[in-house]
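Chemist: Compute the structure for the input listed below.
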Amino acid sequence: MRHVKGTLFVDYVRMLRGHKGVDWAQHLPPEDVALLHARIAPDAWYPMDAFERLGNQILRFVAMHDLQAVRMWGRFSVDALRHAQPALVAPGDPIETLNRFRVLRATFFDFDALDVLLLHDREAELVIRYHMGPEAEEAAAMQTLGFFERLLEVAGATAVRARFRTRAWIDEPRTLLAITWADGG
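Modeler: Numbering: from 1, shown residues only. Have a look, this model is predicted:
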């Protein structure tokens, strides 16, 4: 069974808790509804299956299936992570920032959700594999794309361009995110 750390899981729970007026028992299994009422411990591990189901409901009820909104959420999440992990960003050094993230990523998932395949001067390639259904995988990949766009910008990169070379949610073998940027200055 795959797991996600509470530091990420709590964001999903907060979003659904904040979306009043929805009877979550109509859309989620009892074990997920129980998680919506539980205290989420940042250092605990939570089932990735529940994370996927909560994410699908966020996509449906909060984002209204708008993947650009999901991408923006990924961008906004960088600031919260920087607050929690101040050493993440190496000012003026996007490559070192990505290397620092590479070390940090293992603390969020107990499986290889993200793998940096290529990292050199003004270019990176990442494999994204959350092992979820197509809808959730696409949304999570868009959130990840937005996250890395913003992470590179706060590290000093300019003209950041991120695109999917391949997409697992349309039955390609994997999701490959290619990112290029210019040095700031």
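Chemist: From the contact counts, what lies against the longest helix along the chain?
Modeler: Determined from DSSP state H, the single longest helix within the chain is helix 134-154. Packed against helix 134-154, as judged by 3 or more Cβ pairs under 8 Å, 6 or more residues apart in numbering; DSSP states H and E, are the following elements: helix 48-57, helix 67-84, helix 94-105, strand 123-128, strand 158-166, strand 175-182. (Each C-beta comes from the backbone N, C-alpha and C, glycine too.)
Chemist: Now the residue nearest the centre of the chain. Nearest residue, chain neighbours left out?
Modeler: Most central in the chain under Cα atoms, centre = their mean is Thr144, positioned 4.3 Å from the mean C-alpha point. With Cβ to Cβ, 6 or more residues apart in numbering as the criterion, Thr144 has its nearest non-adjacent residue at 5.5 Å, and that residue is Ile128.
Chemist: show me where pLDDT drops low in this structure?
Modeler: Filtered on pLDDT under 70, the chain yields the residue ranges 185.
Chemist: domain assignment for it?
Modeler: Domain ranges of the chain: 3-62, 67-182, per automatic domain parsing.
Chemist: how distant is the shortest one from the center of its chain?
Modeler: What it means is domain 3-62. On the basis of Cα atoms, centre = their mean, to the nearest Å, domain 3-62 sits 15 Å off its chain's mean C-alpha point.
Chemist: Okay, buried residues for the longest helix of the chain please.
Modeler: Within helix 134-154, the residues that count as buried by 16 or more other Cβ atoms under 10 Å are 136-154.
Chemist: Same question for stretch 81-98.
Modeler: So, applying 16+ other Cβ under 10 Å, buried residues of stretch 81-98: 81, 88-89, 93-95, 97-98.
Chemist: Quick check: Phe148 vs Lys5, distance?
Modeler: In this view, Phe148 and Lys5 are 19 Å apart by Cβ to Cβ, to the nearest Å.
Chemist: what do you get for Leu126?
Modeler: Taking Cβ to Cβ, one finds Leu126 at 19 Å from Lys5.
Chemist: go on, Thr175?
Modeler: Taken as Cβ to Cβ, the span from Thr175 to Lys5 is 21 Å.
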